[in-house]
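A.B. asks: Structure, please.
(chains A, B, C and D)
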There are 2 protein chains.
Amino acid sequence: METIEKGRLYMPPKYKVVYEDIKNKINNYIYKTNEKIPDGDSLAECYNCSKLTIAKALDLLVQEGMLIRRQGSGTYVKENLSNRTTIELDNISGYSKKFSTEHLKSTVIDFSIITPPKEIAEKLNITDEYIYKILRLRSVDNDPQILEETYMPIYVIPGLKEHHLEGSIYDYITNELGFKIQSAHISIKGDEANSNDKLYLNLTESDFIIELEKICYLENGKIFEYSKTHHRYDVFKFNTVLVNNI
Amino acid sequence: METIEKGRLYMPPKYKVVYEDIKNKINNYIYKTNEKIPDGDSLAECYNCSKLTIAKALDLLVQEGMLIRRQGSGTYVKENLSNRTTIELDNISGYSKKFSTEHLKSTVIDFSIITPPKEIAEKLNITDEYIYKILRLRSVDNDPQILEETYMPIYVIPGLKEHHLEGSIYDYITNELGFKIQSAHISIKGDEANSNDKLYLNLTESDFIIELEKICYLENGKIFEYSKTHHRYDVFKFNTVLVNNI
DNA sequence: AAGTGGTCTAGACCACACT
DNA sequence: GTGTGGTCTAGACCACTTG
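C.D. replies: Predicted coordinates for the structure are as follows:
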């Protein structure tokens, strides 16, 4: 399972190996829906590790809504529901599995470097820093679906060029810059379409959009993005799993 | 911090005590935004526990979006953003903190016991079980905001009466029955208002709503609720934090 | 009573950041 | 180099359910 990253041999931690393996077993119905999987001691012996490592791996799957652990009883596979949303840097990544890049298109409406207004600077937690301002239209088969307004500090994401925007900014950040995403704080609401929405998303006077506001963190603790995306309501769907941890 | 539950002395685990204490320190700005909190060894000494217990407590706060941990650097308090959504059994619990029960009203439109149609039975993962069907209108200051369609198996939630519906079903389940919620799988989308929405939410022909679909699990592994809530778009807001754990 | 998950420890070692 | 978080172990004991 080891890979080469940045020219170095990268060996994933044991709990991640166990996590991946059990996740595969669930997805391939080797561990069947609503059934119990082997107990912690057995798994620890099977994977040649401690119980705690097994628990850590299983807890990840609980967090993703794939397992439920019941004290005194066992660990069970949940009904196969919509899995937890991965962080959608792309805003359209839900589709990127369904549609190849041939069908996806990003049209850059505006790409400039600005001094952020106070409101944006606060969201990005910066002072006196230049930022990129990006306005993009995301389409599937030339059908416009998402109008995206993105702000990113230059010093956090250096070297961003217009051609990156025509593809995936996410790919640039993770693959070319080698950064990892830590988290995203999001907020979802509905609203009437504004003039830009009507213009670019081909909406009529009476239409509505779903607005997804997002603040994204890198693993180094820096906020790298604040964005507002307006989604045509008929193509928007957001799935997630909330787990009670306390 | 110990409490009496079901006539027994309940002593919370150490990591939960630490979690609560640090959460309070963040909310009261004893640990300030963007600043580093003490390292794991110090906290372990301070709380008289092992490093692992501290890590477990801090990881909960990372999951809630309040902290960020950086290997080699430290643990930092994040910008105070909207916290992670708690499981909203109530559908209106976001308001229950803002508005007292005097302002909140639940009007029961339908409360019946039925044999579920196939689609609902599948969502609830049951066969040959009777279920409650509940249609409620939730209002704030007599302003109708949410139309809620709920299905619950009788054998999972016994003894539900109409007067419970006028208050909070959540309170009945957690306080009177003493059950705990494990998780909720949710899905959010927008849609045009249907005839019921127009009727009960006072919408016009052109209006639209936000639909929140939800499947809820108890700690005993049973699904106790499948619901669809239609929210007037101008009063809907959903916040959450997505954390990259893998 | 037996089985299973949950909590917790003390300590070891590694990976990474900072300076 | 020092400090910090991340991983991992072996084992102990507790809480809960009943496969």
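
A.B. asks: so is the residue lying farthest from the centre of chain A in a helix, a strand, or just coil?
C.D. replies: Most distant from the centre of chain A: residue A:72, at 34.6 Å, with distances by Cα atoms, centre = their mean. Three-state assignment for residue A:72 (DSSP: H, G, I helix; E, B strand; the rest coil): coil.

A.B. asks: Relative to residue A:39, how far out is it?
C.D. replies: Distance of residue A:72 to residue A:39, given as Cβ to Cβ, to the nearest Å: 11 Å. Heads up, the C-betas are built off the backbone N, CA and C, glycines and all.

A.B. asks: list residues touching both of these two?
C.D. replies: Taking Cβ atoms under 8 Å, 6 or more residues apart in numbering or on different chains as the contact rule, residue A:72 and residue A:39 have no neighbour in common.

A.B. asks: can you give me the strands in chain A?
C.D. replies: A:3-5, A:8-10, A:36-37, A:67-70, A:74-77, A:104-114, A:131-140, A:143-153, A:181-192, A:208-218, A:223-232, A:238-243 (DSSP state E).

A.B. asks: which stretch in those has the least confidence?
C.D. replies: The weakest mean pLDDT among the strands of chain A belongs to strand A:3-5, with a mean of 63.

A.B. asks: my guess is residue A:188 contacts residue A:209, does it?
C.D. replies: No: Residue A:188 lies out of contact with residue A:209 (Cβ atoms under 8 Å); the separation is 11.3 Å.

A.B. asks: For the two, work out which one has more neighbours and name it.
C.D. replies: In this view residue A:188 and residue A:209 are compared by other Cβ atoms under 10 Å in any protein chain shown, and residue A:209 has more residues nearby, 26 against 21.

A.B. asks: For that one, give me its contacts.
C.D. replies: Contacts of residue A:209 (Cβ under 8 Å, 6+ apart): A:147, A:190-193, A:197, A:201, A:203, A:230-233.

A.B. asks: In JSON lines, list the residues you listed along with neighbour count and distance to residue A:171.
C.D. replies: Formatted as JSON lines, those follow (neighbours: other Cβ atoms under 10 Å in any protein chain shown; distance: Cβ to Cβ, whole Å):
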{"residue": "A:147", "neighbour count": "27", "distance to residue A:171": "21"}
{"residue": "A:190", "neighbour count": "23", "distance to residue A:171": "30"}
{"residue": "A:191", "neighbour count": "15", "distance to residue A:171": "30"}
{"residue": "A:192", "neighbour count": "16", "distance to residue A:171": "33"}
{"residue": "A:193", "neighbour count": "21", "distance to residue A:171": "30"}
{"residue": "A:197", "neighbour count": "21", "distance to residue A:171": "26"}
{"residue": "A:201", "neighbour count": "22", "distance to residue A:171": "24"}
{"residue": "A:203", "neighbour count": "20", "distance to residue A:171": "29"}
{"residue": "A:230", "neighbour count": "24", "distance to residue A:171": "23"}
{"residue": "A:231", "neighbour count": "26", "distance to residue A:171": "21"}
{"residue": "A:232", "neighbour count": "21", "distance to residue A:171": "24"}
{"residue": "A:233", "neighbour count": "23", "distance to residue A:171": "28"}
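
A.B. asks: Tell me the confidence at residue A:46?
C.D. replies: So residue A:46 comes in at 95 (pLDDT).

A.B. asks: surely it meets residue A:39?
C.D. replies: No: at 10.5 Å, residue A:46 does not count as touching residue A:39 under the criterion of Cβ under 8 Å.

A.B. asks: where do the contact lists of the two overlap?
C.D. replies: By Cβ under 8 Å, 6+ apart, no residue touches both residue A:46 and residue A:39.

A.B. asks: Torsion angles phi and psi at residue A:34?
C.D. replies: Main-chain dihedrals, residue A:34, degrees, to the nearest 10: phi 70, psi 0.

A.B. asks: Please look at it and residue A:74 and confirm they touch.
C.D. replies: No: contact criterion Cβ under 8 Å: residue A:34 and residue A:74 do not qualify, at 11.8 Å.

A.B. asks: So which of the two has more stuff around it?
C.D. replies: residue A:74 (15 against 12).

A.B. asks: what sits opposite the more buried one in the beta ladder?
C.D. replies: residue A:70 (DSSP bridges).

A.B. asks: distance of it from residue A:175?
C.D. replies: Distance from residue A:74 to residue A:175, by Cβ to Cβ: 40 Å.

A.B. asks: Over to residue A:44?
C.D. replies: Applying Cβ to Cβ to residue A:44 and residue A:175 gives a distance of 35 Å.

A.B. asks: Which of these two has more residues huddled nearby?
C.D. replies: The neighbour comparison of residue A:44 against residue A:175 (other Cβ under 10 Å) goes to residue A:44, with 18 against 10.

A.B. asks: How much space separates the residue farthest from the centre of chain A from residue B:216?
C.D. replies: Between residue A:72 and residue B:216 the computed distance is 22 Å (Cβ to Cβ).
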